[in-house]
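# Sequence first, then the predicted structure, then my questions.
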Amino acid sequence: MDKYNFYKQYHNHPTNVLIHRIFIPIIVLTSMILLKFIKKINIILILFPFYLFYYFKLSINIGIFMMCYLLFLDTIASMAHRFSSNKTKLFLYTISLFILSWVAQFIGHYIEGKRPALVDNLSQAFIDAPLFSMDYLLICE
């Protein structure tokens, strides 16, 4: 949990934590929707095992929970593509929500008074952020 605690130390102010709990799932979901526009290769399918390996290394409970969470978001992303009659609008709405969510993250860090964890460790921030946004539903020790 040391790597996770590294990420967590950047998020102590209640407003910043709330912003992250709302907008990280939106960033993950919009990322999945955007990645599904790439028809030649399923990037989500490539990334999924790496994320799960990390989460299962933390604990079996975290691994199972995060697997269900990521599968749920991937299902929503797939449905957005399947049922969207206008792919251009889907792309524009998704990119807008993605950008808005990132802006919210930086506002949260401004309120926190700390720079984002991704400045110090980009890869760790992207792996731990989804877990951080859901850890209030788990017992992350």
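In hand now; what should we look at?

# Which strands and helices lie in contact with the helix or strand containing residue 95?
Using DSSP states H and E, the secondary-structure element containing residue 95 is helix 87-112. The criterion is 3 or more CB pairs under 8 Å, 6 or more residues apart in numbering; DSSP states H and E, and the helices and strands that helix 87-112 contacts are helix 14-35, helix 60-83. For every residue, glycine as well, the C-beta is placed using N, CA and C.

# Can you list the buried residues in that helix?
90, 94, 97-98, 101, 104-105, 108-109, 112 (16 or more other CB atoms under 10 Å).

# Need the three-state assignment for the nearest residue to residue 114 once chain neighbours are set aside.
Of all residues not flanking residue 114 in the chain, residue 10 sits nearest, at 5.5 Å (CB to CB, 6 or more residues apart in numbering). What DSSP: H, G, I helix; E, B strand; the rest coil gives for residue 10 is coil.

# What's the separation between residue 10 and residue 119?
For residue 10, the distance to residue 119 under the criterion CB to CB, to the nearest Å works out to 9 Å.

# ditto for residue 106
Residue 106 is 11 Å from residue 119, where distance means CB to CB.

# Give me the contact list for the helix or strand of the chain with the lowest mean pLDDT.
Lowest by mean pLDDT, DSSP states H and E among the helices and strands of the chain is helix 2-8, with a mean of 73. Contacts to helix 2-8, defined as CB atoms under 8 Å, 6 or more residues apart in numbering, come from residues 58, 117, 121, 124-125, 127-129, 131-132, 135, 140.

# Buried among those? Need that as a selection in PyMOL.
Selecting only the buried members of these in PyMOL, with burial defined as 16+ other CB under 10 Å, works like this:
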select buried, resi 58+117+124+125+127+128+129+131+132+135+140
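
# Helices - which of the contacts of helix 2-8 land there?
Per DSSP state H, helices hold the following members of the contacts of helix 2-8: 58, 117, 124-125, 127-129, 131-132.

# okay, among those, which ones form the most distant pair?
Pairwise distances across the ones in helices among the contacts of helix 2-8 (CB to CB) peak at 16.7 Å, for the pair 58 and 117.

# what stretches of the chain score poorly on pLDDT?
1, 139-141 (pLDDT under 70).

# out of residue 10 and residue 119, which sits in the busier spot?
For residue 10 against residue 119, the residue with the higher neighbour count under other CB atoms under 10 Å is residue 10, and the figures read 21 against 11.
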